[in-house]
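[1] Here is my input, please return the structure:
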Amino acid sequence: MDVRQQYVGSSGVVDEDAVIARARDVLVEWFELPTRDAEVILRTWSRRSGIPLRTVAVALSSDIYEGTPSGCTPKVLRQLEQCLRELSCSR
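    Numbering: from 1, shown residues only. Next up is the predicted model:
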């Protein structure tokens, strides 16, 4: 199953809030962050990289956390991995 389909609502549209919440929860689990801080970090990564927030969230929760390819480009994954390294070093 395409991982993005996990977040498709009854209208057939991807529920962006659910995707972002899942990625936020990954950061909360890994780095023991407050929920609000994790969401701010995701939005900051998106803004700085120019990658849509939903793409960042899917890449983090699917490709990196679950190990399930989501179709994100290697460039997106490398940028996200660098953001995770920087976050890890800053804690």
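[2] packing partners for the helix or strand harbouring Glu81?
    Following DSSP states H and E, one finds Glu81 within helix 74-90. Judged by 3 or more CB pairs under 8 Å, 6 or more residues apart in numbering; DSSP states H and E, the packing partners of helix 74-90 are helix 16-31, helix 35-49, helix 53-58. In short, each C-beta sits where N, CA and C put it, glycine included.
[3] again, only using 6 Å
    Judged by 3 or more CB pairs under 6 Å, 6 or more residues apart in numbering; DSSP states H and E, helix 74-90 has no packing partners among the helices and strands.
[4] so what's the spatially most central residue of the chain closest to, chain neighbours aside?
    Geometric centre of the chain, nearest residue: Ala57, 2.2 Å, by CA atoms, centre = their mean. Nearest residue to Ala57, sequence neighbours excluded (CB to CB, 6 or more residues apart in numbering): Ala23, at 3.7 Å.
[5] Surely the one you found touches Ala59?
    No: counting by CB atoms under 6 Å, Ala23 does not reach Ala59; the two are 8.3 Å apart.
[6] The two: who's more crowded?
    Ala23 (27 against 23; other CB atoms under 10 Å).
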